[in-house]
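1. whatever this is, show me its structure:
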Amino acid sequence: MAKISSTSDGAEGHGHAAERGELCALCQKPLPLWGPSSAENEDADDSNFTRPPALNLEFNITNNNNNDDDGDYNNNTVISGDLSRIPPRPLDITNGYDSDIDEAPIITVHAITPISDLIVHLSSSSCNNSSTRSSSNKETRYLVSSQILRVVSPVWRRQLDPESPFQSLPTVVEASTNRPHTLLTLHDDDPNTLLSVFNILHFSTANIPTSSISFNKLKAFAVLCDKYDCVHVLKPYSRVWLDKWASSSPTSASLNAALGNSSSGGSGSGGGCSILLEPGYEDWLFIAKVFGDDRFVGELEQKLMLQAGEISLCGTYFLRRGGKGVVETALIPEATLKRIMQSRQQELTRQLTLWRTFLQTFITENATKGCPNYDCVTLSYGNLIRSVEQSGLVAVFNLSKQWHGNILEFEEKTAGISLANGTRFHGYGWCPVENLNVALRAALERKK
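-> Here you go, the predicted structure:
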């Protein structure tokens with residue numbers, strides 16, 4: 001009797017191909033029993049058979065992630081049309097505002113140090129989180145020491161280098177001090193995060209949180225520190241901030257309880273089941289890389305391998321099981337994202353290959369002949385054919401369609417495929433057909 005196992009002849013024939021996430025030549029052959037008409041039970045609206053579309057100028061991802069300081073997460077991410085794109089207005093440092101706008105911009109000035117010699121101007125195009133024109137009519141300026149910025153950041157050092165052959169920064173007279181200041185314009189930075197970093201650099205830390213911050217604030221610090229290569233300046237604070245999120249805090253435990261998850265089964269350094277493994281916290285992979293904290297990184301990668309669908313055609317997002325919207329990939333490290341998607345494809349290919357090998361063996365080689373009970377063989381054969389068709393996976397097994405969804409949903413669909421006829425014992429001892437079923441399920445188990 002043919003056996004289904006991870007070390008069977010069929011598995012050995014496709015072993016190297018499966019490691020690459022591919023099917024071998026034998027496994028690419030269509031199954032003999034099912035033709036194109038057998039796919040009638042498949043749900044035409046099932047998104048698992050369609051790769052997420054590419055985003056272009058006609059679409060826009062709006063991600064309203066709200067993480068308050070208590071750790072509660074609300075994901076209102078949607079993909080919506082964006083038919084009117086208003087380009088950011090250029091900065092006019094001389095006139096103070098654009099002639100196309102009736103009112104002058106609202107300028108907020110932060111005097112970080114009384115001995116400033118540099119104006120860091122955060123252009124209004126950075127405030128692009130809102131679609132209203134009035135909210136974009138805001139500008140922020142910081143009076144700081146250029147020497148401090150040059151010491152702590154190689155990026156700022158290059159920008160402020162007076163000997164640089166590539167650029168020459170303008171000099172303006174700052175009104176409150178009546179002294180000349182070099183003007184450095186930055187773009188796409190969060191004003192409050194930049195203010196906090198400048199305060200830390202100039203030893204004005206009264207308003208810097210020392211216990212905990214929200215996940216979005218932690219991510220904003222990571223983005224800024226990564227952009228300007230100055231993560232070391234946050235060392236006195238970042239460890240405390242990271243500990244809140246990489247440990248099994250009361251907030252994490254309460255959220256996990258609400259989600260019906262165990263709060264004592266995690267394997268990260270912080271112990272327990274971390275909130276970081278839940279949908280909405282995928283950017284922990286970026287935060288951990290920036291701050292050099294690998295807690296729960298491996299666990300999160302493993303969860304995403306099982307819960308993430310195929311990456312979109314444009315490569316900017318994927319759908320995650322249990323999430324309320326898309327997961328943007330902009331901040332996920334490229335090597336990490338590649339590793340997750342490759343692991344997903346390898347596991348999917350492994351399971352698909354096992355199923356195809358099993359079905360080919362069962363159908364073409366009459367694998368049930370080891371059971372002398374004709375009724376058992378007939379019921380098992382019919383039950384298998386019916387359950388495969390009801391699973392909606394005939395086209396996937398025949399390779400006429402691809403599975404673009406996540407691994408867990410694929411496993412749920414295949415879990416309904418069965419040989420069982422309800423009579424394991426029928427006068428001949430343990431039924432050989434059941435041996436096939438047990439062997440298949442054992443081979444399908446994922447390695448821990």
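2. okay, now the unreliable bits of the stretch 201-350 of the chain?
-> Counting by pLDDT under 70, the stretch 201-350 of the chain contains low-confidence residues at 248-272.
3. tell me where it has strands.
-> Taking DSSP state E, counting those that start in this stretch, the strands of the stretch 201-350 of the chain run over residues 317-319, 326-328.
4. for the last one, which strands pair with it and how are they oriented?
-> In this case it means strand 326-328. Taking DSSP bridges as the criterion, strand 326-328 pairs within the sheet with strand 317-319 (antiparallel).
5. neighbours around P209, how many?
-> When neighbours are counted by other C-beta atoms under 10 Å, P209 registers 14. All C-beta atoms are positioned from the backbone trio N, CA, C, and that covers glycine.
6. now do the phi/psi pair for it.
-> Backbone torsions of P209, given as degrees, to the nearest 10, read phi -60, psi 130.
7. same deal with N437?
-> The phi and psi torsions at N437 (degrees, to the nearest 10) take the values phi -60, psi -50.
8. which residue sits closest to it in space, ignoring its chain neighbours?
-> Sequence neighbours aside, L419 is the residue nearest to N437 in space, at 4.6 Å (criterion: C-beta to C-beta, 6 or more residues apart in numbering).
9. for the one you found, report the pLDDT, please.
-> As predicted, L419 sits at a pLDDT of 74.
10. what about L183, which helix or strand?
-> Counting by DSSP states H and E, the element that carries L183 is strand 179-186.
11. can you give me the buried ones in that strand?
-> Using 16 or more other C-beta atoms under 10 Å as the burial criterion, the residues of strand 179-186 that qualify are H181, T182, L183, L184, T185, L186.
12. so for D243, which of the strands of the stretch 201-350 of the chain sits nearest?
-> Of all those, strand 326-328 sits nearest to D243, with 25.0 Å by C-beta to C-beta.
13. and the buried residues of strand 179-186 as TSV, adding pLDDT?
-> As requested, the buried residues of strand 179-186 are arranged in TSV below (pLDDT from 0 to 100):
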residue	pLDDT
H181	96
T182	95
L183	95
L184	96
T185	94
L186	95
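14. let's verify the residue nearest to N437: helix, strand, or coil?
-> Three-state call for L419 (DSSP: H, G, I helix; E, B strand; the rest coil): coil.
15. who touches it in this structure?
-> L419 makes contact with S380, N383, L384, V433, E434, L436, N437 under the criterion C-beta atoms under 8 Å, 6 or more residues apart in numbering.
16. what do you get for I112?
-> Y142, L143, V144, S145, F198, N199, H202, S204.
17. look at the fourth one and report its pLDDT.
-> Translated: S145. At S145, the pLDDT recorded in the model is 97.
18. tally of neighbours for the residue nearest to it when sequence neighbours are not counted?
-> Setting aside the residues directly before and after it, S145 is nearest to T113 in space (C-beta to C-beta, 6+ apart), at 5.4 Å. Using other C-beta under 10 Å, T113 is surrounded by 18 other residues.
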